[in-house]
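*Asks:* need a structure here:
(4 chains)
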There are 2 protein chains.
Amino acid sequence: MTENPLDDFRLTAMGLFMEAYAGLAARFATQFEEHDLSPVEFEVLMRLARSPGQQLRMTDLAAQTTLSTSGVTRVVDRMERDGLLCRRACPSDRRSSYAAITDAGLARLSEVLPGHLELIRQWFTGQLSPEALAGMLDSLRAVRDAVHPGATAGTAERGHCPDSAA
Amino acid sequence: MTENPLDDFRLTAMGLFMEAYAGLAARFATQFEEHDLSPVEFEVLMRLARSPGQQLRMTDLAAQTTLSTSGVTRVVDRMERDGLLCRRACPSDRRSSYAAITDAGLARLSEVLPGHLELIRQWFTGQLSPEALAGMLDSLRAVRDAVHPGATAGTAERGHCPDSAA
DNA sequence: AGCCGTTGGCTGACTCAGCAACTATAGTCG
DNA sequence: CGACTATAGTTGCTGAGTCAGCCAACGGCT
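*Replies:* Residues are numbered from 1 along each chain as shown, chains lettered A, B, ... in the order given. Coordinates of the predicted model:
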């Protein structure tokens, strides 16, 4: 009885992780809504803005987010309709197309970012001492690298997308 | 030029957090699927199994998960149909109803749990030194408590944070 | 050149979650 | 007691995401 797997410390650990994440995500989501963005849309804008040429192929975008490729198709549809980004043909491969952030998209991003950064400070980084934060980041990096879901696709990690970095 | 907000360290920190979380969640999800469970269903089973009387009111279940009450209604519908839990009338308040885990639900849980625990070890706790893990948990607890989305509702018989992650 | 397996992206059918509206019960105040 | 408000849960509708299946384009091969 005392060996009940429901009391395993790993569940507590993971529970903490999930609750912290869910709490943060919820705070962010309400701020995004104030600027008419969903969390995925924000993430797409961020990824595009930080990519070389401020654009990314659809598949790479899918690999960098938690979305499937068809999910990306639909998000990009909506965001293109709203003018936040636009599709561009890939000159070297006519199957591929890029999603490129527009000026409107960049503008929207710069509206949201300051508040977003402040929220991160308020609820995450600011809650921890510098040492604790540094330790936490090391640990997160270790876990992320282990679990590594191709978090950086399309950013020239491997040489297989030569001209995208135009 | 002025400091680009896209390079702010907080984004890196939060990005690490999100990627680590997404990676873990994805690993778990595939294991859950092997046992015909979705992540939410697993969480519901866990919450019920750990609650007094192995049951929880619908509202409390909603408060403990990221679901809305209508979301809970539907998950419970599906799971009741599959025999993993059953609804029970609340004797003292005829508006309320309990969701109570069934033997089949407990059995399913004990099928999934060992593998789940192993995954947590493999990809999360086992990636870190004991000291790093302890520090990480302290930090997570700090963030969770700050962001505290009423993570423990319905277990509120006692003063504070009874079982879920104290 | 032509064939063929692979890859990139899009579409249709479906599932799932949320909001808002609704029903029914509880509690409160006159 | 009866009206009024608040709370628990369910339901109609809609948006978002997945999977399976599709077509077009690429690249290796002979």
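*Asks:* residues contacting the residue most central in space within chain A?
*Replies:* Centroid-nearest residue in chain A: residue A:43, 4.3 Å away (criterion: Cα atoms, centre = their mean). The neighbours of residue A:43, taking Cβ atoms under 8 Å, 6 or more residues apart in numbering or on different chains as the test, are residue A:65. Yep, even glycine has a C-beta here, placed from its N, CA and C like the rest.
*Asks:* Please identify the helix or strand for it.
*Replies:* helix A:39-49 (DSSP states H and E).
*Asks:* From DNA strand D, how far off is the residue nearest to the centre of chain A?
*Replies:* 9 Å (Cβ to the nearest atom of the strand, to the nearest Å).
*Asks:* In whichever strand or helix holds residue A:15, which of the residues would be classed as buried?
*Replies:* Assigned by DSSP H and E, residue A:15 falls within helix A:9-34. For helix A:9-34, burial by neighbour count (16 or more other Cβ atoms under 10 Å in any protein chain shown) applies to A:10-24, A:27-28, A:32.
*Asks:* now do stretch A:52-64
*Replies:* A:54-58, A:60-64.
*Asks:* got these as a markdown table, with secondary structure, distance to chain B and pLDDT columns?
*Replies:* A markdown table is the format used below for the buried residues of stretch A:52-64 (DSSP: H, G, I helix; E, B strand; the rest coil; distance: Cβ to the nearest Cβ, whole Å; pLDDT from 0 to 100):
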| residue | secondary structure | distance to chain B | pLDDT |
| --- | --- | --- | --- |
| A:54 | helix | 10 | 97 |
| A:55 | strand | 15 | 97 |
| A:56 | strand | 15 | 97 |
| A:57 | strand | 20 | 96 |
| A:58 | helix | 19 | 97 |
| A:60 | helix | 15 | 95 |
| A:61 | helix | 15 | 96 |
| A:62 | helix | 13 | 96 |
| A:63 | helix | 12 | 93 |
| A:64 | helix | 9 | 93 |
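*Asks:* which of these lies closest to residue A:108?
*Replies:* Distance from residue A:108 was checked for each of the buried residues of stretch A:52-64 by Cβ to Cβ. The minimum falls on residue A:54, at 13.5 Å.
*Asks:* ok now do the closest one, which residues does it touch?
*Replies:* By Cβ under 8 Å, 6+ apart, residue A:54 lies in contact with A:48, A:100-101, A:106.
*Asks:* and the two most separated of the residues you listed?
*Replies:* Using Cβ to Cβ, the two most remote members of the contacts of residue A:54 are A:100 and A:106, lying 10.7 Å apart.
*Asks:* So what's the residue count around the residue nearest to residue A:123 when sequence neighbours are not counted?
*Replies:* By the measure of Cβ to Cβ, 6 or more residues apart in numbering or on different chains, the closest residue to residue A:123 outside its immediate chain neighbours is residue B:147, 5.2 Å from it. Residue B:147 is flanked by 21 other residues according to other Cβ atoms under 10 Å in any protein chain shown.
*Asks:* Mind pulling up the pLDDT for residue B:147?
*Replies:* pLDDT for residue B:147: 90.
*Asks:* ok, back up a step: just the contacts of residue A:54: which are in helices?
*Replies:* A:48, A:106 (DSSP state H).
*Asks:* ChimeraX command to pick out the buried ones of the contacts of residue A:54?
*Replies:* Buried members of the contacts of residue A:54 can be picked out in ChimeraX with the line below, counting by 16+ other Cβ under 10 Å:
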select /A:48,100,101,106
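*Asks:* now, which of the contacts of residue A:54 sits nearest DNA strand D?
*Replies:* residue A:48 (15.7 Å; Cβ to the nearest atom of the strand).
*Asks:* Kindly report the residues of chain A close to DNA strand C.
*Replies:* A:57-59, A:69-70, A:72-74, A:76-77, A:87, A:90, A:93, A:95-98 (Cβ under 7 Å from any atom of the strand).
*Asks:* Narrow those residues to those that are buried.
*Replies:* Among these, those classed as buried by 16+ other Cβ under 10 Å are A:57-58, A:72, A:76, A:96-98.
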